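Novice: what's the 3D shape of this:
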Amino acid sequence: MLALVSGVGLLKTDYLDVKSVVEEAKPGVFTLDRCEHSGGTDQGPSTFCYGDFRSSDGELELTDVPLKESHDAEGTEAGEAFPAHALRPDVGPAEVFRTDDQGESDLAMRGIGALGLALLGVMLGGFAGRMMMGPGPARSRLGAWLGFGTVVSLLLWLIGRGTGGGFWA
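Specialist: Down below sits the predicted model:
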């Protein structure tokens, strides 16, 4: 159940919320200023990337704003620019998201990873339901399908999260 709830939560925060922000935000160009590596965890240091955003119509200019997903700056050197969308909410920090092919690909992979985690929750729930079935061929077939689904969901989760901005970035 925890995997299902976590997967749905990730789908909302890492994919659906970002999509809605991009739809409401102003298009423009983000120029990378710097990326800072700080701290250290079991997975390595955290990376935070900052730069300047200027909307296409010139109405919105943000300086020293953090890139929401630092992974989106991968392969970009300081001073280089890429298409982005930015939103300055009434409360809280501005949000900037990369919207070229790399940014869209990263976003899609994060969504696939979240769906994989949600599917894993469904598969684990299916195993719990299978325990209530009596012995027989239906239970065996269900177990085989659930086992296959579990492997697929784990692969979706690991590949999606890993390549879309997670631990393999």
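
Novice: just checking, what packs against the helix or strand hosting G143?
Specialist: Using DSSP states H and E, G143 sits in helix 137-163. Where contact means 3 or more Cβ pairs under 8 Å, 6 or more residues apart in numbering; DSSP states H and E, helix 137-163 is packed against helix 101-130. Placement of C-beta: from N, CA and C, glycine included.

Novice: Need the mean per-residue confidence for the helix holding G143.
Specialist: Mean per-residue pLDDT for helix 137-163: 92.

Novice: Apart from its neighbours in sequence, what residue is nearest L11?
Specialist: Spatial nearest neighbour of L11, chain neighbours left out: A114 (3.9 Å); criterion: Cβ to Cβ, 6 or more residues apart in numbering.

Novice: quick one, what contacts that neighbour?
Specialist: With contact taken as Cβ atoms under 8 Å, 6 or more residues apart in numbering, A114 is in contact with G7, V8, L10, L11, D14, Y15, G160, R161.

Novice: Swap in 10 Å and give it another go.
Specialist: By Cβ atoms under 10 Å, 6 or more residues apart in numbering, the contact set of A114 is 6-16, 156-157, 160-161, 164.

Novice: Find the residue ranges of the chain scoring beneath the pLDDT cut-off.
Specialist: Applying pLDDT under 70 to the chain flags residues 39-45, 165-169.

Novice: Kindly recompute the last result at 90.
Specialist: Along the chain, segments meeting pLDDT under 90 span 1-26, 35-49, 58-79, 85-111, 113, 133-134, 157-169.

Novice: Regarding this protein, what is its longest strand?
Specialist: Ranked by number of residues, the top strand in the chain under DSSP state E is strand 26-41.

Novice: Taking helix 101-130 as reference, get the angle to it.
Specialist: With axes from the mean of the first three to the mean of the last three Cα atoms, to 10 degrees applied, the angle from strand 26-41 to helix 101-130 works out at 60 degrees.

Novice: Quick one: distance of strand 26-41 to the chain centre.
Specialist: In terms of Cα atoms, centre = their mean, to the nearest Å, the centre of strand 26-41 is found 16 Å from the chain centre.
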